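Peer 1: got a predicted structure plus its sequence, pasted below:
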Amino acid sequence: MAPIETQLPRIGITCGDLNGIGMEIVLKAFSDPRMCEICTPVIFASAKVVSYHRKAGNFINLHYQQVKSTAELQPGKINVVNCWEADVNINLGEIDPVVGAFAIKSLKAAVKAYDEGGVDAIVTAPIHKAASYHETDFPYSGHTGFLAEHYRDKAIMLLCEGDFRVALLTDHIPLANVSETITAEDLEIALRKLYKSMRVDYGLQKPKIAVLGLNPHAGDEGLIGIEEQNIIGPTVEKLRNENMTIFGPFPADGFFGRGRQAQFDVVMAMYHDQGLAPFKALSFGSGVNITHGLPLIRTSPDHGTGFDIAGQNIADENSFRQSVFLALEVFKNRKMHKEDTKNVLKQQVVPRRGDR
């Protein structure tokens, strides 16, 4: 009989920009005691800033444990790992590069803890990119770029709500650079990674992937763009010849309007707004941003820092809560996949007559 799993998954949580709504939605979500029945939350920040936000949001029934490292975690309780001792001058709603720098300290501490086996997944609260950029050694356009460089591999940004999933081939780059960035090699790598992620992280044995075209009307057979004929179409065909259920390129303008996303497990868009504008129009507030293609399990809410509503205690924590749920689901699915595929080759080897 297999041993009963007793340890709750440890979910690392970054604080995000402390002048925004990040800590508010974290504390709101974990004010529900049922959340600590399914995971052990580990907030990477400082007890001082958590106390500040606890008071600002009037979370009088929320209690947490202050620990020095993940080696001291108390299962089923909110743990706060002190990542700094300095005081933070929090002014809710203001963009402050000095405050933004602490969001990066939190992120780096959480990733380090994951790499060392201290947490099982990470949920990141929103950062303000400009504030983070100017005061730290963080020259990235967001979490995804940082994680891709940290693991020295291509990362795929994907937003999802239930079975509605949209992945991006290119993410935070200027629109003027999209066409020159798209290559057959990068598209093939991304689609292979996405296909594998659908199988491992979501348990889909034969995932169906739709690939959107880059140009209006998917290029109209070369009349208004050649990327579909020269790059996207041939790459899709190559992978389909390997028995991968990948289809396209589809014209992007009518794809979501006709509800075709429901026919596929995931849609690969060529650039940021092509995929995320329709996704957020259909699912804003309940979607989850997840990074695929890397060892790390990382999810995040589908919104930003919310400086305009910070301190008003009106931020909706649903997207953050869904981010925790998805991180737990992917963690479980990866464990199941690892167990299912363990020693597969050994099991398939048939001994020769002389070896029996």
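Peer 2: Cool, got the structure. Residues are numbered from 1 along each chain as shown.

Peer 1: okay, CA-based contacts and neighbour counts for the rest of this
Peer 2: Will do.

Peer 1: helix/strand/coil for residue 123?
Peer 2: Secondary structure, DSSP: H, G, I helix; E, B strand; the rest coil: residue 123 is strand.

Peer 1: hang on, it packs against residue 323?
Peer 2: Yes: with contact defined as Cα atoms under 8 Å, residue 123 counts as touching residue 323 (6.6 Å).

Peer 1: overlap in contacts, these two.
Peer 2: Common neighbours of residue 123 and residue 323, using Cα atoms under 8 Å, 6 or more residues apart in numbering, are 299-300.

Peer 1: what about the strands in this protein?
Peer 2: Using DSSP state E, the strands of the chain run over 10-14, 40-45, 65-67, 79-82, 121-124, 156-161, 164-168, 209-212, 246-250, 266-269, 288-292, 298-301.

Peer 1: so which of these gets nearest residue 259?
Peer 2: For the strands of the chain, the distance to residue 259 is smallest for strand 164-168, at 10.5 Å, taking Cα to Cα.

Peer 1: so where's the stretch 1-150 of the chain uncertain?
Peer 2: Where the stretch 1-150 of the chain drops to pLDDT under 70, the residues are 1-6, 134-137.

Peer 1: where do the helices sit along it?
Peer 2: Secondary structure of the stretch 1-150 of the chain (DSSP state H, counting those that start in this stretch): helices located at 22-30, 47-56, 97-115, 129-135, 143-150.

Peer 1: check those for me and report the most buried one.
Peer 2: Among the helices of the stretch 1-150 of the chain, the stretch with the highest mean neighbour count (mean count of other Cα atoms under 10 Å) is helix 22-30, at a mean of 23.

Peer 1: and that helix, how far out from the chain middle?
Peer 2: Helix 22-30 sits 18 Å away from the centroid of its parent chain (Cα atoms, centre = their mean, to the nearest Å).

Peer 1: now for that helix, which elements pack on it?
Peer 2: When contacts are defined as 3 or more Cα pairs under 8 Å, 6 or more residues apart in numbering; DSSP states H and E, helix 22-30 packs onto helix 47-56, helix 318-341.

Peer 1: related to what we said a few turns ago, among the helices of the stretch 1-150 of the chain, which is nearest residue 337?
Peer 2: helix 97-115 (19.7 Å).

Peer 1: re the thing from before, CSV for the helices of the stretch 1-150 of the chain, including distance to residue 197?
Peer 2: Formatted as CSV, those follow (distance: least, Cα to Cα, whole Å):
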stretch, distance to residue 197
helix 22-30, 27
helix 47-56, 34
helix 97-115, 19
helix 129-135, 27
helix 143-150, 16
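
Peer 1: nearest to residue 277, out of the ones you listed?
Peer 2: Closest of these to residue 277 is helix 143-150, at 18.4 Å (criterion: Cα to Cα).

Peer 1: just checking, what packs against that closest one?
Peer 2: Packed against helix 143-150, as judged by 3+ Cα pairs under 8 Å, 6+ apart, are no other helices or strands.

Peer 1: ok, and what's touching that helix?
Peer 2: Outside of helix 143-150, the residues within contact range by Cα under 8 Å, 6+ apart are 138, 140, 154-157, 291, 294.

Peer 1: need the residues you listed in TSV with distance to residue 236, can you?
Peer 2: TSV is the format used below for these (distance: Cα to Cα, whole Å):
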residue	distance to residue 236
138	35
140	30
154	19
155	20
156	17
157	20
291	22
294	22
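
Peer 1: and the residues you listed, which is closest to residue 275?
Peer 2: residue 157 (10.6 Å).

Peer 1: excluding chain neighbours, what is closest to that closest one?
Peer 2: Of all residues not flanking residue 157 in the chain, residue 291 sits nearest, at 5.0 Å (Cα to Cα, 6 or more residues apart in numbering).

Peer 1: partners of that neighbour in the sheet?
Peer 2: Beta-bridge pairing for residue 291 (DSSP bridges): residue 157, residue 298.

Peer 1: that one and residue 297, how far apart?
Peer 2: From residue 291 over to residue 297 the distance is 7 Å, taken as Cα to Cα, to the nearest Å.

Peer 1: find the residue at the geometric middle of this protein.
Peer 2: Geometric centre of the chain, nearest residue: residue 290, 1.9 Å, by Cα atoms, centre = their mean.

Peer 1: surely it is in contact with residue 300?
Peer 2: Yes: applying Cα under 8 Å, one finds residue 290 in contact with residue 300, separated by 6.3 Å.

Peer 1: quick one: residues in contact with stretch 302-321.
Peer 2: Counting by Cα under 8 Å, 6+ apart, stretch 302-321 makes contact with 16-17, 19-22, 24-26, 28-29, 56-57, 92-95, 125-128, 159, 284-289, 300-301, all of which sit outside it.

Peer 1: could you flag which of those residues are buried?
Peer 2: Neighbour-count burial (16 or more other Cα atoms under 10 Å) applied to the contacts of stretch 302-321 gives 16-17, 19-22, 24-26, 28-29, 57, 92-93, 95, 125-128, 159, 284-289, 300-301.

Peer 1: what about residue 59, how many neighbours?
Peer 2: Counted with other Cα atoms under 10 Å, the neighbours of residue 59 add up to 16.

Peer 1: that'll do, ta.
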